[in-house]
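Engineer: the sequence and its predicted three-dimensional model are supplied below.
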Amino acid sequence: MNLETAFELLGLGGSLAALVCALALRGGTLGRAARTALVLLAVVSTVKTALTAWEWSGLPSPFRLDPVADHLNSILPLAWFFFLYAASSDAAASELRREAERLSAALEQLRQVQEQVLRDERLRALGEMSSGVAHDFNNILTAILGHTELLLMDAEERGDAAHTKPSLEAIRAAARSAADVVHRLREFYRKPDEAESGLAPVRLADVVEEAVRIMQPIWQGQAQARGAAIAIRTDLQPAPPVLGKRSDFLDALTNILMNAFDAMPDGGEILIRLRPDGRDVLLTVRDTGVGMDDDVKRRCLEPFFTTKKERGSGLGLPLAYGVATRHRGAIHIESAPGRGTEVTLVLPGQHLWQGELSLPDAEAAPPRSLSILLADDDPFARAPVEGILRRDGHRVESFASGNDAVKAFQPGAYDVAILDRAMPGMSGDETAAALRRIDGTLPIILFTGFGVFMKATGDAPAHIDVLLPKPAGQRELRDALRRVACHRQAPAS
Amino acid sequence: MFEEREVFSLLLGVCGLGFVLMARRRIRSLPHFGLLLASYAALLASWFFSVAAGAAWEIHLNRLQHVCSGVGSLLLALWSVRLLRKPASREEAAGES
């Protein structure tokens, strides 16, 4: 056998192998067109090399082999060209497909982020609106509460307490109740606050058990009245504790459970699942209720949004959202009409937070007679505060603006300054700074309708020792004065 | 003496090479694309030698042509085998179905 025949036979083997492989290829790296072109190429190559090998071997043949082999040799570059063209087109199509999938995933991610941003923006806007309303409302309540307390004191002195005291106490209770409503708004915007009492590692499994214990009698009674049956299942896996307030978690969970119950008018099943997920703890409540459509799902975290008409306050899920975000967590909601709802609280496992500066215990320092500078532009808020302070035996000089207060101020003449924040001209912050420049040790109380929100956002101005939210009555004023007295004494001790 | 068919094959082969150069970015994404190009280069060489054999050293160049043709077919077979053994990616399989 000569060298040419040997190499042609080698080529024949290779072409046959390529043909077999091309036929065996199934939807993978090459597309259908490229596979077909490869089969065609392998067939042409196989036949051409077979004929050439036969020709060179000198074996007898029934017809002339060389013209056919020559024709096939001419076709071979074309077969290659078709194959390369089909393969490159496949590669381009595959690249486009991958790009389309990447774009699709990015678009979905963008849509989710956009929804989150819109939701956060809505909540932020509601927070700002609530903050403004609360400020004005607190100023009004300060006047009501302060004057009521003054009247109560007068009633005692005049001896007609029997007639007026019940009504005045009712007014005071109503004013405090209104202050509580305003105070509750802060729950949506409050930040983690380690200085607050009650922060401790909480076992969520205990919270779940307690919530079920609290809710079960309510469910059973109402479900029986409706002729429906509701089954509750729990799946509590061992999970690390979560740092926070137990009552917050209980509030959040009971609100979510209440929603789940309301979503199943014809009965169903509620599954409460607790499980660890990396450093997080996931608390999931899944119901088999009516579910939510996209519009409801998008708005369900907005305060005061409810689908329960007069039966709902629209504060349940927002409260749960507030609890989750305040504890550096998140809330995920999966729902579809007719397919139930799954609400998941994602809470970080126990770790330390950076809390705000804690103030000394108010009870440690007894109140004493003080010389007080009071500045508030609102006479309705200023007068009762002045009255209460005088009743407590303090010497008070009041001013209608920060400028007047600074002009009148003499170092050593006052033990403490109480300043409203939102004053025309010189604001409370600026007045505090000016007073501190004159007397660096003067204790300053900032008395403001934005108090709860400033505490919530950690927005503590410089030069301020105590933030006293409006409205405040005798008890709160005494408490604040004890704190500043204690605060001034603290460095010395 | 030159054969028209052989010159035609060489010209087509050179055109194919031009296409490979133009579409190299896309062709590079083919698996084991080096082997495929080596196979094509061997065949191109065989076409070149078949033309060149008409001008000089007919026996030697003709022999070289057969060697290159055989090597080219072997490399194509090797590329096909490797392609067969490469697992299909999920997206490509999905696209195919």
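Structural biologist: Yes, it's here.

Engineer: B:Ala55 in helix, strand or coil?
Structural biologist: coil (DSSP: H, G, I helix; E, B strand; the rest coil).

Engineer: tell me how far the nearest residue in space to A:Gln216 that is not next to it in sequence lies from A:Lys308.
Structural biologist: Excluding the flanking residues, the one nearest A:Gln216 by Cβ to Cβ, 6 or more residues apart in numbering or on different chains is A:Ile232, at 7.0 Å. Just so you know, the C-beta spots here come from the backbone N, C-alpha and C atoms, and that holds for glycine as well. Remark: distance between A:Ile232 and A:Lys308 (Cβ to Cβ, to the nearest Å) = 21 Å.

Engineer: and what of A:Asn139?
Structural biologist: Counting by Cβ to Cβ - A:Asn139 and A:Lys308 are separated by 33 Å.

Engineer: who's more crowded, the two?
Structural biologist: A:Asn139 (19 against 13; other Cβ atoms under 10 Å in any protein chain shown).

Engineer: please identify which helix or strand holds the more buried one.
Structural biologist: helix A:66-158 (DSSP states H and E).

Engineer: and the next helix or strand after that helix, how far out from the chain middle?
Structural biologist: Per DSSP H and E, the first helix or strand lying C-terminal to helix A:66-158 is helix A:161-185. How far helix A:161-185 lies from its chain's middle: 34 Å, per Cα atoms, centre = their mean, to the nearest Å.

Engineer: same question for helix A:161-185, mean pLDDT?
Structural biologist: Taken as a whole, helix A:161-185 has a mean pLDDT of 80.

Engineer: helices or strands up against the following helix or strand past that helix?
Structural biologist: Later in the chain than helix A:161-185, the nearest helix or strand by DSSP H and E is strand A:199-202. In terms of contacts (3 or more Cβ pairs under 8 Å, 6 or more residues apart in numbering or on different chains; DSSP states H and E), strand A:199-202 is packed against strand A:242-245, helix A:246-262.

Engineer: select, out of the ones you listed, the one closest to A:Val47.
Structural biologist: With Cβ to Cβ as the measure, helix A:246-262 is the member of these nearest A:Val47 (73.0 Å).

Engineer: can you give me the mean pLDDT across that closest one?
Structural biologist: On average, helix A:246-262 scores 87.

Engineer: so what's the most centrally placed residue in chain A closest to, chain neighbours aside?
Structural biologist: Most central in chain A under Cα atoms, centre = their mean is A:Thr325, positioned 3.9 Å from the mean C-alpha point. Distances taken as Cβ to Cβ, 6+ apart put A:Ile331 closest to A:Thr325, at 7.8 Å, once the chain neighbours are dropped.

Engineer: now do A:Asp70
Structural biologist: B:Arg5 (5.3 Å).

Engineer: now the helix holding A:Asn139 and helix A:161-185, what's the angle there?
Structural biologist: 170 degrees (axes from the mean of the first three to the mean of the last three Cα atoms, to 10 degrees).

Engineer: what average pLDDT does stretch A:132-145 get?
Structural biologist: 83.

Engineer: give the buried residues for it.
Structural biologist: A:Ala134, A:His135, A:Phe137, A:Asn138, A:Asn139, A:Ile140, A:Leu141, A:Thr142, A:Ala143, A:Ile144, A:Leu145 (16 or more other Cβ atoms under 10 Å in any protein chain shown).
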